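J.: Here you go, sequence then predicted model.
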Amino acid sequence: MIDVSMLLFLFMATCAVGAALAVVLPDRMNLVVQTVVGIVASAIALAASGAVLLLGLSFDINLWRLPGLGPISLHMDRISALFVFVTALVYLPISLFSVEYMEKYVGRYSIKFFGFFSHLLFASIVLTLAAGDVASFLFAWELMTILSYLLVTYEHREEEVTSAGYLLLSMSEVGTFAAALGLLIIAGSADNLSFSALRNASSGIGEAARWGVFLLTFFGFGVKAGLIPGSSWLPRAHPAAPANCSAVLSGVILNLGIYGIVRVNADLLPASHASQGIVALIVGSLSALIGILYATIDNDMKRMLAHSSIENMGIITACLGAGFVFLASGQSALAGIAFVVAFYHTVNHSLYKALLFLGAGAVDSKVGGRNMNRFGGLIKRMPWTSAWFLIGALSIAALPPFNGFVTEWLTLQTLLQSAVLSAKGLKIAFALCGAMLALTAALAVTCFVKAYGMSFLGMPRSKAAESAAEAKSPTIVSMAMLAALCFIFGITPTYVIPVIDGAVSPVVHQSVTDELVPPFFSGNKTKNPKFSDAFMAEFHDLGAQVGSSVLPGRGLVVLHQGTARNPVIFAMSTSYTFVVLAILIIGSVLVIRLLFRNRVVLRKPVWDGGIRRLFPEMTYTATGFSNPVRVIFEAIFRPSMSENTRETISGHFRTAIRNGREETYVVDRALVNPLIRSSQWLAGLIGLIHSARVNAYAGYVLLTLLAFLVIQTLI
Amino acid sequence: MSKWVLLGIRSGTKTTRYPSHTESAAGISPGRPKDTLMADKNAQALIRDLCPTGALNPKNDRIAVDYRRCISCRRCARGASTLVDWEESWEWASLSAPDLNASSALGSPFSQSLHIRVLDAGACRACLSEIEQLGKPYYNIHRLGFFMTPTPRHADVLLVAGPVADNMRLPLEKAYDAMPTPKRVVAVGACALSGGVFGPSFTSYGSLKNVIPVDVEIPGCPPPPLAIIHGLLVLTGRRPPAESGATSFLDRRSGT
């Protein structure tokens, strides 16, 4: 039998060895050793969390009992295990990717520094997820925040990078403070700080305190997850960090925000009000829409991906919000579906976003820049990178048979189930948020058509793009692994959902495997309480049982049948879709080959209107492609336009006109900048008492003394 | 504005009924000089010198007309004591090689419908002005199954006007290259046939034939719209080509 706690300690030891080795070894060897240690550590973490997820071997280790803090313990249930599993799944390819990518820093920045802190970061992330009490959770959380700050500001000689790092650190600290306050409100009525004690104490907490805890933890952890209004650090930190750090940041650390929200508001103190869920739903939908809008118009490849991370975190949060609403309304089956979808989307987002960041990093290190206007035609120069990037783009744009489709489809279907809710206001909120998410999904396609088309297709628009070379094999293999995972998680939803359901069912007290994955492989033989025989027979006529002789499991169709009040059925099968797509594509290729075998095909250069030569400047750019979106949503972007004209003699003889356009991020404009301005105004007001006269200061002393005397007499 | 439908219905169809009926509207064609009997050697020399492009050449007791060169300046039709005869017709298009059967080469699927790409290879715009008339209600080539297309990728026929200026050679070759086979080329106007008033020079190739193979020639300066329609009909085999291309006429004369 596998001892999970043993594996966890082995993992910690591996990370410690890795960090120690990173300090002593010389640079080139260091990179290889770091990769090997990273892969081993990820494999151990995968084994540990996989054992918890699949076999249910949850464990509880009591470390110490500290005075004032209570027991310090490590605990891993299936929710933690799911997040650890995703972390390790993403960390493994990223470690492999780093070998070639980090080479460009050799001699410029310290490789030892990077190796030391990246191993510690991995350990601190797992520690955060495995923490069993508030004290160790907050300690590991802080450690993770500071380590991620150190890695984001790796190129510390660039001013842009350091300022982005300070923003990350300060916003994260504000969020952590709020979340810690929320946790302490619960802990106020508990015996000690362990999560189980908090869980027991949660039933005795009053309404106002519940709302306080919800708002503090939701918005506090929301900063880490990159939800509005705490999202403005994300688009600045991602382009600043090295690509492998960005992949960790987006694929792993954002998930921790979601983990925090789930741990507190679904597990420790379950959201009791439907309106709390609506808050999460609206914040999530708005984050999704604003994220994808900025992603669509951004030409910096990594900032585009960062905005798209905000979008995906928004989708996850909207789904969680729907789950909270269903849970508060007593619809535990639908709540379970919503949570399953949210977790599934978290997994998917980690996979494809890590893949896209690695692709962006590979392109960045070969072309030397992140501006998509300077790319183009990379498919000829970097064929493998472009192939894997394409799979990432297809996944994130939610196209079957890749994984993004499964969860975006399920998200929208879950929101459509709002018909079971009785309150009219809830239904309206669900409908509006569903519409926002649908718009988001459509814009995501635009965004990634642009990202792929403008970077990899067409003509090279710069000398650097023309002379780019393909990345080395470790880099390509790392991306291929993630692409394969995107595909696997896309065509096997019926196998993934039961596993995630294991993590969700303790929270909602109901298993949703029966709700989402009907047993078509064995359906007609066994009596099933959920589905009538006639219903099952109908789907058997459609072929839902195909493959039952060779495949294990319940079936390949994701299907949900509503209750009598809401008899809506939704069904989908990416597995069968994939088979049909493959047959259609291969079949049509074969038919075309057969029919046109004897036909002479002339290949001529593209018709360019008869010009002497097609210059890259004449082709479509990323800015041009996204301009319709920029114009339509002008009210959100509110750009400030500037025209800078250079003249020779008078206004009639212009030698150069430079049109500028600057956009302030909508969250900065609406919230952060007014906050900064008002605090500066307040500081100026307080500054007035600094009159720099001794008499005045003596007067202040006297006034203070008087005030104390008055207070003394009153009390 | 709101009455134009009624006005249109009241005025009826004004479109020309060529080729199913003959066209008799006044000024429908500027006409062209005709092969004329002229025995007097002095008169022949005078006429030859009058022609600015050398289209009129004495041949035995006749004045032969090289339609590829004629720019319809009408100097031979006025201002001399002995004048060349003038014919009022428009069916002038001929196949560039007498043995070429354009319609069968293009294939029967194209006999009722063609897509045409117009290309200005340095024309003075007179020919293009006439080509523009083809799409207008009076001539309306759509009724005959002819359509203009903006890209050579969709075109079956390349309709070229102009003497092929140096700068237009590359676009012309690229457009010809971009067309799918089977493809045909129609040269419109004296410039495309012989260089016209420009001739071969340091900026022009003098004739479309010097750059790409030509299948149908439509002489005239400019050829009237009906002549261009006739050329397209010749290409599809729906009308016979003109009797007398200048060279073939001379050849026939010398052969007999």
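T.: That came through fine.
J.: quick one: contacts for the residue in chain A that chain B sits nearest to?
T.: With CB to the nearest CB as the measure, residue A:610 is the residue of chain A nearest to chain B, at 2.8 Å. C-beta here means a position set from N, CA and C on the backbone, and glycine is covered the same way. Counting by CB atoms under 8 Å, 6 or more residues apart in numbering or on different chains, residue A:610 makes contact with B:170-172, B:174-175.
J.: what do you get for residue A:75?
T.: Contacts of residue A:75 by CB under 8 Å, 6+ apart are A:58-61, A:130-132, A:195-196.
J.: So which of those are in strands?
T.: Using DSSP state E, the subset of those located in strands is A:59-61.
J.: Please look at residue A:456 and residue A:375 and confirm they touch.
T.: Yes. Between residue A:456 and residue A:375 there is a contact at 7.5 Å, judged by CB atoms under 8 Å.
J.: more crowded one of the two?
T.: Counted by other CB atoms under 10 Å in any protein chain shown, residue A:456 and residue A:375 do not tie: residue A:375 has more neighbours, with 28 against 25.
J.: In this structure that one contacts residue A:457, no?
T.: No. Using CB under 8 Å, residue A:375 is not in contact with residue A:457, being 9.7 Å away.
J.: what's the helix or strand for the residue of the stretch 151-256 of chain B found nearest chain A?
T.: Nearest to chain A in the stretch 151-256 of chain B, going by CB to the nearest CB, is residue B:171, at a distance of 2.8 Å. Taking DSSP states H and E as the criterion, residue B:171 maps to helix B:169-178.
J.: list the buried ones in that helix?
T.: B:169, B:171-172, B:174-176, B:178 (16 or more other CB atoms under 10 Å in any protein chain shown).
J.: Measure how far stretch A:130-141 is from the centre of its chain, please.
T.: Taking the mean of its C-alpha atoms, stretch A:130-141 sits 22 Å from the chain's own mean (CA atoms, centre = their mean, to the nearest Å).
J.: Now do it, average pLDDT.
T.: For stretch A:130-141, the mean pLDDT works out to 92.
J.: again with stretch A:397-417
T.: 92.
J.: tell me which residues in it are buried?
T.: Under the neighbour-count criterion of 16+ other CB under 10 Å, stretch A:397-417 has A:397-415, A:417 buried.
J.: Kindly report the same for stretch A:169-183.
T.: Buried residues in stretch A:169-183 (16+ other CB under 10 Å): A:169, A:171-172, A:175-176, A:178-180, A:182-183.
J.: What's the local residue count around the residue in the stretch 1-150 of chain B that chain A sits nearest to?
T.: Nearest to chain A, among the residues of the stretch 1-150 of chain B, is residue B:119, at 8.4 Å (CB to the nearest CB). Neighbour count for residue B:119, taken as other CB under 10 Å: 25.
J.: Could you do residue B:53 as well?
T.: Neighbours around residue B:53, by other CB under 10 Å: 18.
J.: Show the contacting residues for residue B:90.
T.: Contacts for residue B:90 (CB under 8 Å, 6+ apart) come out as B:23, B:28-29, B:223-224, B:226-227, B:230.
J.: quick one: pLDDT of residue A:164?
T.: pLDDT for residue A:164: 93.
J.: separation between the residue nearest to the spatial centre of chain B and residue B:162?
T.: What sits nearest the mean C-alpha location of chain B, by CA atoms, centre = their mean, is residue B:218, with 2.0 Å. Per CB to CB, to the nearest Å, residue B:218 is found 13 Å from residue B:162.
J.: Low-confidence bits of the chain, can you list those?
T.: With no chain named, the answer covers chain A. Where chain A drops to pLDDT under 70, the residues are A:1-2, A:523-529, A:651.
J.: should've been chain B
T.: Scanning chain B for pLDDT under 70 picks out B:1, B:98-105, B:243-256.
J.: all helices of it, in order?
T.: Listed in chain order, the helices found in chain B under DSSP state H are B:4-11, B:41-50, B:102-106, B:126-133, B:169-178, B:189-194, B:225-236, B:246-255.
J.: Point out the other helices and strands that the longest one packs with.
T.: In this structure, helix B:225-236 packs against helix B:102-106, strand B:114-120, helix B:126-133, strand B:157-161, strand B:184-188, strand B:216-218, with contacts taken as 3 or more CB pairs under 8 Å, 6 or more residues apart in numbering or on different chains; DSSP states H and E.
J.: at 7 Å what do you get?
T.: Using 3 or more CB pairs under 7 Å, 6 or more residues apart in numbering or on different chains; DSSP states H and E, the elements in contact with helix B:225-236 are helix B:102-106, helix B:126-133, strand B:184-188, strand B:216-218.
J.: next one: the fourth one
T.: Helix B:126-133 sits against strand B:157-161, helix B:225-236, with contacts defined as 3+ CB pairs under 7 Å, 6+ apart.
J.: among those, which is the most enclosed?
T.: With neighbours taken as mean count of other CB atoms under 10 Å in any protein chain shown, the helices and strands packed on helix B:126-133 reach their highest mean count in strand B:157-161, at a mean of 28.
J.: Name the residues that touch the helix or strand containing residue A:256?
T.: Residue A:256 is part of helix A:254-262 when elements are defined by DSSP H and E. Here helix A:254-262 makes contact (CB atoms under 7 Å, 6 or more residues apart in numbering or on different chains) with A:79, A:83, A:86, A:125, A:128-129, A:179, A:217-218, A:221-222, A:224-226, A:309, A:313, A:316, A:320, A:346, A:350.
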